[in-house]
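Novice: With the sequence up front, the predicted model follows.
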Amino acid sequence: IDKDTSGLLVVAKTEEAQVGLSKQFFDHTIERKYNALVWGDFDEDCGTIVGNLARSPRDRCTMAVCDDEHGKHAVTHWRVLERFRYVTLVECILETGRTHQIRVHLSSKGHALIGDQVYVKNKKSAVMLPADIKNAINTFPRQALHAKSLGFIHPRTGQQMQFDSDLPSDMQKLLNLLQTIS
């Protein structure tokens, strides 16, 4: 989970659990759903972003979508949960799990995360938003990304495990403000 992303993560307490969980991550069988508040509105209600990810040639501290010959295969499925003029709440389901995958994929499609200072290209104008909402969006202290749901097979028992997490208070507060303009 990225720094400044809220939500669920799994930690292994034993070497056996670590090996079992690592295999599930490698096999892309762990279910991960995220909620994100992003700039702009999508033309469709759902879709899939496929694009290899690698270190950016311009800034080695960031990732970028690259051609098929370089980087690691990455797939992000998304769907719109709620629209707010210049901002959209989306659910992202990771088929793969690459560094900064959601942030890079959404930004590459022109929908950078609210509060993301690294992958924002050209922030959409929020001129039509009320001043209090515009200020809340522009001063959001982190990227608006939350690991909402996590599912995996317990490495020892073989039991399917499923966990869900409510939005944190900072995202919920921003979402409540956005809902006042709908």
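Specialist: In hand now; what should we look at? Residues are numbered from 1 along each chain as shown.
Novice: Can you show me the helices along the chain?
Specialist: 15-26, 101-108, 131-138, 169-179 (DSSP state H).
Novice: Would you mark the buried spots in the last one?
Specialist: In this case it means helix 169-179. For helix 169-179, the neighbour count (16 or more other CB atoms under 10 Å) marks Asp170, Met171, Leu174, Leu175, Leu177, Leu178 as buried. (Glycine included, C-beta is placed from N, CA and C.)
Novice: residues touching the third one, list them.
Specialist: Neighbour list for Leu174: Leu37, Ile114, Ala136, Ile137, Phe140, Ala144 [criterion: CB atoms under 8 Å, 6 or more residues apart in numbering].
Novice: Most neighbours out of those residues, which is it?
Specialist: In terms of neighbours by other CB atoms under 10 Å, the contacts of Leu174 top out with Ala144 at 27 neighbours.
Novice: Could you check how far the closest residue to Ile137 other than its chain neighbours is from Gln162?
Specialist: The shortest distance from Ile137 to any non-neighbouring residue, by CB to CB, 6 or more residues apart in numbering, is to Ile114 (5.7 Å). Distance, Ile114 to Gln162, using CB to CB, to the nearest Å: 28 Å.
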